[in-house]
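Visitor: Generate a structure from the sequence data that follows.
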Amino acid sequence: MVHHGHHLEDLAILPQVLLGLPFILLLVLYMAAIVKTNQTHKPWPIHRTVFLCIGTTLAVISVAGPLAERALMDFRAHMAAHLFLGMLAPLLIVLAAPMTLMLRTLDISKARRITKLLKSRPIGWITNPITAAILNIGGLWLLYTTSLYSLMHEFMWLHVLVHVHIFLAGYLFTVSLIYIDPIHHRNSYLNRAIVLILSLAWHSILAKYLYAHPPVSVPTDEAQTGAMLMYYGGDLVDAAIIFILCWQWYKATKPRAAYTPSTHA
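Guide: Residues are numbered from 1 along each chain as shown. The predicted structure follows:
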């Protein structure tokens, strides 16, 4: 096995802190917001809190601790961390509706400023499904089919940057497909479904490509196991997104029961 993480080992703690701390901060702020908003509004849904707790936990596990350290040397561990950080954690955090909670917690003037920002053109651009898909799936192709994968094990700043991109791209991609938090630049269900299907296909093609063409310095057996994990693990998360999107689509198009007033003789 080729160990390509030796340049990061001496500074292993620093990238773990830089990457893990924002998720811990998110969890703390989320809990504080719940305490505040529950004093003036109806109780925040428990299931959303559970989603946030699990999502942030998976994100931290993927960037700090044994799995993150193993991922520096083992492509299989790296791929497991990638699935946690880039797919499952974003989905769970989106389902936790953090933006909705924040808007409910802030005073009216601050909430209006945030809403105005959400309505801005740049936000509309990055939350467009096509843009989000290019940033997400395109970023993965760039990472695994160029020297970027090897380089991120040589330079700590690149290691941190790549992991930040993996999470943010995964989060934006999920946000662009399933509308849980407020989205002011909405796309039709059909457009989102098409982008999702194409993205799933390109993600699967990349996994098959990596099975046959491992990244530089990655042993063949590790690449094949990692590619299989990417293929089947990615399908599971994508299946969850497909289910949510279809359920939302069904609810939006379901005919409302006609109201028939009762008649009296």
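Visitor: mind checking the SS state of Val216?
Guide: Of the three states, Val216 takes coil under DSSP: H, G, I helix; E, B strand; the rest coil.
Visitor: which one is it nearest to, not counting chain neighbours?
Guide: Ser150 (5.0 Å; Cβ to Cβ, 6 or more residues apart in numbering). Any C-beta I mention is one placed from the backbone N, CA and C, and that applies to glycine too.
Visitor: That neighbour contacts Ser217, correct?
Guide: Yes - taking contacts as Cβ atoms under 8 Å, Ser150 lies within contact range of Ser217: 5.6 Å.
Visitor: Which positions within stretch 179-193 qualify as buried?
Guide: The neighbour-count check on stretch 179-193 (16 or more other Cβ atoms under 10 Å) flags 179-181, 183, 187, 189, 192-193 as buried.
Visitor: Among these, which are located in helices?
Guide: Per DSSP state H, helices hold the following members of those: 189, 192-193.
Visitor: before we move on, back to that, which one of the buried residues of stretch 179-193 is nearest Ile244?
Guide: Nearest to Ile244 among the buried residues of stretch 179-193: Ile180, at 8.5 Å, using Cβ to Cβ.
Visitor: And Met230, which helix or strand is it part of?
Guide: helix 220-253 (DSSP states H and E).
Visitor: Spit out the contact partners of the residue nearest to Ala33 when sequence neighbours are not counted.
Guide: Of all residues not flanking Ala33 in the chain, Thr105 sits nearest, at 4.4 Å (Cβ to Cβ, 6+ apart). With contact set as Cβ atoms under 8 Å, 6 or more residues apart in numbering, Thr105 has these partners: 33, 36-37.
Visitor: sorry, back to before: so which of the ones in helices among the buried residues of stretch 179-193 is the closest to Pro22?
Guide: Set against Pro22, the nearest of these by Cβ to Cβ is Arg192 (27.5 Å).
Visitor: need the contact list for that closest one.
Guide: Counting by Cβ under 8 Å, 6+ apart, Arg192 makes contact with 129, 176-177, 245.
Visitor: Can you flag which of those residues belong to helices?
Guide: Among these, DSSP H puts 129, 176-177, 245 in helices.
Visitor: If any of the residues you listed are buried, put those into a PyMOL selection.
Guide: This is the PyMOL syntax for the buried subset of those, where burial follows 16+ other Cβ under 10 Å:
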select buried, resi 129+176+177+245
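Visitor: Mind putting the ones in helices among the contacts of Arg192 into TSV with pLDDT and distance to Phe75?
Guide: Formatted as TSV, those follow (pLDDT from 0 to 100; distance: Cβ to Cβ, whole Å):
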residue	pLDDT	distance to Phe75
Pro129	94	30
Ser176	94	29
Leu177	94	28
Leu245	93	31
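Visitor: Just give me the closest of the ones in helices among the contacts of Arg192 to Met228.
Guide: Nearest member of these to Met228, counting by Cβ to Cβ, is Leu177, at 24.7 Å.
Visitor: what's the closest one in contact with, if anything?
Guide: 129, 132, 192, 195-196, 241, 245 are the contacts of Leu177 under Cβ under 8 Å, 6+ apart.
Visitor: again, but for Asn136
Guide: 86, 169-170, 172-173, 199.
Visitor: What strand or helix carries the residue most central in space within the chain?
Guide: With distances taken as Cα atoms, centre = their mean, the residue of the chain nearest its centroid is Pro90 (2.5 Å). Pro90 is located in helix 89-95, with elements delineated by DSSP H and E.
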